[in-house]
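1. Next input, structure requested:
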Amino acid sequence: MGYLPYMGQDSVARGAVNQRALELIRDAFKATDLTQQQVADRAGMPRSTLANFLTTDRPVHVEQLVRIAFALGADATVWIRDLEEVRRSEGARDTPVTDIRDRRRRSGSATETSDAADRTEDLEAADAFRATEEDIEREQRELTEEP
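-> Here you go, the predicted model:
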């Protein structure tokens, strides 16, 4: 049975960010002497999943990208920053919080209450970003530690 995209998945797979993620994976894989099975084992995923990333336009989830980066000896934070630049070059705003705030203002619901909510969302987004960086660092340590 072939890979069947669900609603929206096909457009995500063809998007510039996903295409760049696949390019990063493919280039790093080509630069190693590792087999698909070795990389898949190190990344904790089936070889078929890795093979799909190497040969198709399958969407890459952040966790998969980080695991593959570590398995290939790449710095996942560098990859993520690269993907952020791709996203920004597409004309995207800096944060999803900005998008939420702009939608509220365009809909006419910008009030003092929503401004306070915006500030809270900004703080929550910053906390989530820090948590993500900490998760990546912890994951990298765990994957590089000897069992």
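2. So which residues make contact with stretch 27-47?
-> Identification of contacts with stretch 27-47 by Cβ atoms under 8 Å, 6 or more residues apart in numbering yields 49-51, 54, 64, 67-74, 143. (C-beta placed from N, C-alpha, C; glycine too.)
3. Make CSV from these and add pLDDT and distance to Ala31 to it.
-> Shown next, in CSV, are the contacts of stretch 27-47 (pLDDT from 0 to 100; distance: Cβ to Cβ, whole Å):
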residue, pLDDT, distance to Ala31
Thr49, 95, 20
Leu50, 96, 15
Ala51, 96, 18
Leu54, 95, 13
Gln64, 95, 19
Arg67, 96, 18
Ile68, 97, 13
Ala69, 96, 12
Phe70, 96, 15
Ala71, 96, 13
Leu72, 97, 8
Gly73, 95, 9
Ala74, 96, 9
Leu143, 72, 18
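4. Most neighbours among those residues, which one is it?
-> Greatest neighbour count in the contacts of stretch 27-47, by other Cβ atoms under 10 Å, goes to Ile68: 28 neighbours.
5. and the closest residue to it other than its chain neighbours, how many neighbours?
-> For Ile68, ignoring the flanking residues on the chain, the nearest one in space by Cβ to Cβ, 6 or more residues apart in numbering is Ala43 at 5.0 Å. Neighbours of Ala43 under the rule other Cβ under 10 Å: 23.
6. circling back: got TSV for the contacts of stretch 27-47, with distance to Ile25 and secondary structure too?
-> Rendered in TSV, the data for the contacts of stretch 27-47 read as follows (distance: Cβ to Cβ, whole Å; DSSP: H, G, I helix; E, B strand; the rest coil):
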residue	distance to Ile25	secondary structure
Thr49	11	helix
Leu50	8	helix
Ala51	11	helix
Leu54	7	helix
Gln64	9	helix
Arg67	11	helix
Ile68	5	helix
Ala69	8	helix
Phe70	12	helix
Ala71	10	helix
Leu72	8	coil
Gly73	13	coil
Ala74	9	coil
Leu143	16	helix
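7. Identify, from the residues you listed, the entry nearest to Glu84.
-> When the contacts of stretch 27-47 are ranked by distance to Glu84 (Cβ to Cβ), Ala69 comes first, at 14.7 Å.
8. What separation is there between the closest one and Asp41?
-> Going from Ala69 to Asp41 by Cβ to Cβ, to the nearest Å gives 15 Å.
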